[in-house]
Every structure is written in structure tokens, then in C-alpha cells.
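Participant: what would the 3D arrangement of this be:
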Amino acid sequence: MGETDKDTSSAASTNSRRRSGLKVLDPAICRFFGQLPLKLRDGFKLPLKMFKGENERANSGSSSLGHSRALLTDFEVNLEKQLQAWNENPVWMDQAPEIKVSVPKGSLCNLNVKVNVGLPPDAVYNIVTDPDNKRVFKNIKEVISRRVLVDEGLRQVVELEQAAMWKFLWWSGTISVHVLVDQNRADHTMKFKQVKTGFMKRFEGCWRVEPLFVDEKLCYPFKPKTWEDYNSCTGGKGRIGSSVSLDQLIQPSIVPPPPISWYLRGITSRTTEMLITDLLAETTRIRGGFDPAKSGDNHESSNEAFDKQLEETSDIKKRWALRRRSMRQRDRRVLSVE
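Facilitator: Numbering: from 1, shown residues only. This is a model prediction of the structure:
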């Protein structure tokens, strides 16, 4: 009897503890199941938020690219209007470029070239960035490879490798140039930098094309600051030229001592002058296309005797004086034919 009472008491105590445990667990279980829908909702919300963010970034990039394409179209429209002014008045006389050579410590030279060109910035920029511009620049022997890495409409990043020719007095040769080119039509710049170091430790620089108001005197005493102001005060007749600058640094892995370094600087300066000469020859050809009387006339650089005379002249000012004299003779020939 005593044992039975003990067993009954033990069972009652166990049941009591179980009920007590259930009472303790019940609120926790309730809270868990109560919060489960919220946790599931938040769990789904996070990926949706991430997907939405990625979608917005993609749309933003697409919108930016679309905006860039639209700006590119605006440039093309403005270029047509600007070329029309040159079509009506193609008269222009090229001047000798300013070439400054400095020698920073440890480098062969730093070249800075400035020249005014008788065509709008976009037309000049088209020549400089043309993938097929070896037809213009005679020192480009061959384009070995060209790969567009980034294309954002107005801006492109291009990996370019080409074989370039150089010539100085009796010496000539070919070197391989492998550069990364960042070209941005929005500000008309083209920056280039050597991809791998080898014989050249550093080879880098920048082309920059800025607008030049050729007929600004028509606005006197008003001084226009934008193309819209200039176009307004000249009645749409004002021509826009270009101020072109090229800045480049050349640093070989080992800088040779004089007189070899002098010769190399001379080769570099002359090669750069050839680039500018070819650029001006192309702009002259384009302007000649506006004038039927001059469109069939060949540029003086095609004359072998004239080229030889230029080669024998070491002074850049004398060379450009010869070019201007040749251009005046050409114009007189055209007038006599008329």
C-alpha cells in the first residue's frame, strides 16, 4: 500500500513537471511560429532587393550609354553645320607648329607640340582616332593588332600595337609600339601609355584638340565664349578651327650618352613633325574637297623633289617657309588655269 502511494505520487510529480515544461515551452513555440511568416517574408525580400538593385544599375548603365550615344549624334550634327561654314569659305594658311623639347632627369626627352588646324575639333579628332589612319600618317607602317576594351559611345579604351617608321637624315628604321589608348570625344583628348616595358621604360602622352574661333573678329567688340554665342554673333558664318597639342614623354630603359642621345632626340622631333605635317596635309585635302578648283590638286608632299629639299633643311622654320611658298605657287597655278 505504501509502495502504491509512492508510485502514484511519483507519477503525479512527473506529470506536473511535464505540464510545467509545456507551459514554459508554449510561449517560445508560439513566438517562433508567430515570427515565421515575417522571417520568410524578409528572406524573400533580400534577394528581391538585390535583384532590383542589379536591375536598376543595369538600367542606369543602359541609360548612361544611351545618353552617350545621343551626345555622339549631337556632335555629328554640329560637325555638319561647322563644315558647312568651311565649305562656304575654305581659305586657310597652315602655320609652322611650335615644338618644344625638354629633357627631364632620367628621360630622353619630353616633346610638346602645338599647331592651329583649319578644321573643326570633331573633324580633326576623327582623323587622329581613325582605326585606318595609317593612310594619313606615313610613319605608321602596319597596324599589328587593335582591340576595343571599353566602348561607352563617346569614350573608348583601345589596346593598339603597330609598327612605326622613323627617318632622320640618312638613317631610318622601324619600331614596334604597343600602347593602351584612352580616347574621349567629350573633351577631344586621346591619352596613350605603353603597355609593357622593354627597350622603352616609359612612352606616354596625350593629344588634345580645342576649338578655335577663326572669324572671331566678326563679333567685335563682343568676345564669344561658347559655340552658340559665336554662331549667333557671326550669323552662322563663323568658322571653327582647332588648336591641336601633343605632349609626349619618352624614356628608354637605358638613356644613352651624347652624341647618341642627341641623334635620338633629333629622330623623335622629326618623327613628331612628320605626324603634324601629315595631319595638316589631310586637313588641306578635306578643305580642297570643298573647292572644286583645288580638289584635283595634289599636296606638295607628293612631290619627290620637294621632299628631298625638305630633308636637306634642318631648320623647322625654313622647312615650313618652303611649304608655304609651295602652297602659294600651287594657288597661283590654280588661278592661272581658271
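Participant: run through who's touching stretch 173-192.
Facilitator: By CB atoms under 8 Å, 6 or more residues apart in numbering, the surrounding residues in contact with stretch 173-192 are 71-72, 75, 121-122, 125, 128-129, 141, 144, 149, 154-166, 193-196, 199, 203-210. Quick note: C-beta positions are derived from backbone N, CA and C, even for glycine.
Participant: which of these are buried? Put it as a PyMOL command.
Facilitator: Listed next is the PyMOL selection for buried residues among the contacts of stretch 173-192, using 16 or more other CB atoms under 10 Å:
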select buried, resi 75+121+122+125+128+129+154+156+157+158+160+162+164+165+166+194+203+204+205+207+208+209
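Participant: next up, the contacts around D229.
Facilitator: C219, F222.
Participant: ok, then the element right after whatever helix or strand it lives in?
Facilitator: Using DSSP states H and E, the element containing D229 is helix 227-233. Downstream of helix 227-233, the first helix or strand assigned by DSSP H and E is strand 240-252.
Participant: helix or strand right after that next one?
Facilitator: Under the assignment DSSP H and E, the closest C-terminal helix or strand after strand 240-252 is helix 260-290.
Participant: other SSEs contacting that next one?
Facilitator: helix 2-88, strand 98-102, strand 109-117, helix 121-129, strand 155-168, strand 240-252, helix 292-295, helix 316-337 (3 or more CB pairs under 8 Å, 6 or more residues apart in numbering; DSSP states H and E).
Participant: out of the ones you listed, which gets the lowest mean score?
Facilitator: With a mean of 49, helix 292-295 has the lowest mean pLDDT of the helices and strands packed on helix 260-290.
Participant: does W92 touch I286 like I think?
Facilitator: No - under the criterion of CB atoms under 8 Å, W92 is not in contact with I286, lying 10.8 Å apart.
Participant: just to revisit the earlier point, buried ones in the helix holding D229?
Facilitator: Quick answer for helix 227-233 (16+ other CB under 10 Å): W227, Y230, N231, C233.
Participant: residue contacts, the first one?
Facilitator: Residues in contact with W227, defined by CB under 8 Å, 6+ apart, are N78, P211, I240.
Participant: cool, the second one as well?
Facilitator: For Y230, the contacting residues are F213, E216, C219, P224, G238, I240, by CB under 8 Å, 6+ apart.
Participant: and which of the residues you listed is nearest to K134?
Facilitator: Taking CB to CB as the measure, K134 sits nearest to I240 out of the contacts of Y230, at 27.3 Å.
Participant: report how many residues lie close to that closest one.
Facilitator: I240 has 26 neighbouring residues, counting by other CB atoms under 10 Å.
Participant: can you name the residues that contact it?
Facilitator: Q82, A85, P120, P121, P211, L212, F213, V214, W227, Y230.
Participant: quick one on the thing from earlier: how about the contacts of W227 in JSON lines, adding distance to V255?
Facilitator: Below are these laid out as JSON lines (distance: CB to CB, whole Å):
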{"residue": "N78", "distance to V255": "45"}
{"residue": "P211", "distance to V255": "38"}
{"residue": "I240", "distance to V255": "42"}
